[in-house]
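# Here is a sequence together with a model predicted from it:
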Amino acid sequence: MQNGLRLKEAYVLRLSHRPSRDKRVTTHVALVARAFGAKGVFIEGEDTHLIDSIKKATEVWGGSSYFKVETISDGKSLVSQWRNKGGITIHLTMYGINVCEKIKELSSFEVPLLIIVGSEKVDSWYYHNVDFNLAIGNQPHSEIAALAIFLDRLYKGLELHYIFEDSKLRVIPQEAGKKVVKNG
Ligand SMILES: C[S@@+](CC[C@H](N)C(=O)[O-])C[C@H]1O[C@@H](n2cnc3c(N)ncnc32)[C@H](O)[C@@H]1O
């Protein structure tokens with residue numbers, strides 16, 4: 001992987017995307033997934049505009065060669081297939097077990113992880129058919145925050161040093177102001 005960092009293979013499943021209401025939040029779920037080291041995002045629902053805008057971001061800022069973005073019609077089938085193939089499924093929910101208690105066990109898995117976040121009320125099926133129901137604290141907050149903290153715990157902060165080598169633009173960090181250069 002980029003700049004020698006090899007992160008554990010993780011994908012995100014965003015449940016029940018409603019184009020009329022969730023466009024911004026689902027976009028942020030996808031951007032967080034990409035920026036914090038996940039390999040792709042599956043979005044349950046239809047929204048070609050959303051897919052195009054996420055793909056545009058990966059073309060400019062990197063990841064288009066490997067970051068997968070696709071819509072799916074049924075999250076439950078994806079979860080079942082994932083588990084049948086030996087992958088691990090993790091549902092982020094305020095009702096689950098605190099992430100701190102499980103992160104060591106999760107870090108030991110060598111198989112692809114599927115991290116599931118909801119939007120509206122999550123169907124009870126998920127609570128009984130995933131490998132882990134994990135809480136980022138037991139207070140209600142946001143799928144964006146939950147995903148960011150989970151990925152940061154999983155990758156122990158290494159994802160913040162990740163360089164997207166196929167990006168068109170690159171930020172040169174500044175104490176003040178903004179500097180962006182073209183790559184290549
Ligand atoms: C705005 S919440 C709505 C949750 C909904 N009320 C329910 O009962 O399923 C949307 C998503 O954020 C995530 N989330 C919110 N708070 C969380 C927490 N404390 N820990 C883990 N995930 C959380 C979950 O994935 C949840 O499905």
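Happy to help now that I have it.
# Tally up the residues packed near the residue nearest to Glu9 when sequence neighbours are not counted, please.
Nearest residue to Glu9, sequence neighbours excluded (Cβ to Cβ, 6 or more residues apart in numbering): Pro112, at 4.4 Å. In short, each C-beta sits where N, CA and C put it, glycine included. When counting by other Cβ atoms under 10 Å, one arrives at 16 neighbours for Pro112.
# how about Pro112, what does it touch?
Listed by Cβ atoms under 8 Å, 6 or more residues apart in numbering, the contact set of Pro112 reads Glu9, Ala10, Tyr11, Lys39, Trp82, Gly87, Ile88.
# and the gap between it and the ligand?
19 Å (Cβ to the nearest ligand atom, to the nearest Å).
# Which per-residue confidence value corresponds to that residue?
Per-residue pLDDT puts Pro112 at 96.
# quick check, distance from the helix or strand where Ile115 lies to the centre of its chain.
Per DSSP states H and E, Ile115 falls inside strand 113-117. Remark: strand 113-117 is offset 7 Å from the chain centroid, using Cα atoms, centre = their mean, to the nearest Å.
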